[in-house]
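# Sequence and predicted structure, then a few things I'm wondering about:
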Amino acid sequence: YLDELEDLAAMGVKEVFDDTGTFPAGRWLEEFCKGYQERGLHKVLMMGCNMRPGALGPQQYQMLAESNFRFVLYGIESANQKTLDMLNKGATVEQQRESLQWASEAGLEPHVTVMMGYPWESEEEAQNTIDYVREWFDKGWINTLQGTVVIPYPGTQLYAQARENNWLRFDGPDNWHRFDMREPVLATPMEPEHVMGLVQ
C-alpha cells in the first residue's frame, strides 16, 4: 500500500481518500503511519479515511495528524443508542463524542454522516440526533456534515428486515427507481415530508 501511495505522490497526486469501509486500526495503523513518515510521504501527500468511532484514542489521532491525515469520515448515523445497536454499529454515543473531540483536537477535520427516517425512531429521537450534531458542531468537533434519509437498498440486511416487518412504503422492481433519497422508503411515526424536513 505504501508503494502505491509513493507512486501516486510521484505522479503529482496531492491528496488520497481511502474509502475502505473503515481504515484499519491497531498495530497495522501504527506501522502504516511509521512507514508513511519514513518515506517522507507526510510531506507531499495528504490522507483521508473512514474511521469507526471508538477505534482510536487521543494518541492515535495525534499520530494521524502527524502523518498528514486531514479528512476523517465517521458514519455516526444516529445519536440514539437503540438505533446504533439495531444497526450493529459497535459503538456508543459516548464513543462517538470522544472520537470527534479527539480527532478535532488533534487538528483533523471530522466529517459526519447521519440519517433520518428509521422506522423505530420517534420524532423526539430523530430530534435528539439533530441536537447532538448541533452541539458537536458548536464545540468545533465536526467540520462538515452529510444528512440523508435512510434507504434500505435491495440486497441489504436492512431491506430484508424492512420486508419482514412491513416497514416499506413501497417495494418491488417497479419502484426501485424511487430508492434515490428524494423521499422516505420506510414508514415511520412521522409523515414523509416531515422526515425530509429533518434531513434538511
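Received it, and whenever you're ready, just let me know what you need. Numbers count the residues shown, from 1 in each chain.
# ranges for the strands of the chain?
Under the criterion DSSP state E, the chain contains strands at 15-18, 46-50, 69-77, 109-116, 144-149.
# Give me the sheet partners of the fourth one and which way each runs.
Based on DSSP bridges, the pairing partners of strand 109-116 within the sheet are strand 69-77 (parallel), strand 144-149 (parallel).
# Could you do the shortest one as well?
Within its sheet, and counting by DSSP bridges, strand 15-18 is paired with strand 46-50 (parallel).
# Please name the nearest non-neighbouring residue to the residue nearest to the spatial centre of the chain.
Central residue of the chain (C-alpha atoms, centre = their mean): Gly75, 1.8 Å from the mean position. Excluding the flanking residues, the one nearest Gly75 by C-beta to C-beta, 6 or more residues apart in numbering is Thr113, at 5.1 Å. The C-beta positions use only the backbone N, C-alpha and C, and glycine is treated the same way.
# Including mean pLDDT, could the strands of the chain go into a markdown table?
Shown next, in a markdown table, are the strands of the chain (pLDDT from 0 to 100):
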| stretch | mean pLDDT |
| --- | --- |
| strand 15-18 | 97 |
| strand 46-50 | 98 |
| strand 69-77 | 96 |
| strand 109-116 | 97 |
| strand 144-149 | 96 |
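# Redo these as a markdown table? Include distance to Leu5.
Formatted as a markdown table, these follow (distance: least, C-beta to C-beta, whole Å):
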| stretch | distance to Leu5 |
| --- | --- |
| strand 15-18 | 6 |
| strand 46-50 | 8 |
| strand 69-77 | 12 |
| strand 109-116 | 20 |
| strand 144-149 | 24 |
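# Give me the pLDDT for Gln161.
On the pLDDT scale, Gln161 is placed at 94.
# show me where pLDDT drops low in this structure?
Applying pLDDT under 70 to the chain flags no residue at all.
# how much space between the nearest residue to His194 once chain neighbours are set aside and Thr129?
Take His194 and drop its neighbours on the chain: the residue closest to it by C-beta to C-beta, 6+ apart is Glu123, 7.3 Å away. To Thr129, Glu123 is 11 Å away according to C-beta to C-beta, to the nearest Å.
# Looking at those two, which has the bigger crowd around it?
Higher neighbour count among Glu123 and Thr129: Thr129, with 23 against 14, using other C-beta atoms under 10 Å.
# got the contact list for the residue nearest to Gln81 when sequence neighbours are not counted?
Of all residues beyond its chain neighbours, the one nearest Gln81 is Val93 (5.6 Å), with distances taken as C-beta to C-beta, 6+ apart. Val93 sits next to 79-81, 84, 132 when contact means C-beta atoms under 8 Å, 6 or more residues apart in numbering.
# still on that earlier bit, hmm, the residue nearest to His194 is touching Glu191, no?
No. Glu123 lies out of contact with Glu191 (C-beta atoms under 8 Å); the separation is 10.0 Å.
# and the gap between the residue nearest to His194 and Met47?
Where Met47 is concerned, Glu123 sits at a distance of 39 Å (C-beta to C-beta).
# for Val199, same thing?
According to C-beta to C-beta, Val199 and Met47 sit 30 Å apart.
# Give me the more crowded residue out of these two.
Legend: neighbour count by other C-beta under 10 Å for Val199 and Met47, higher for Met47 (22 against 18).
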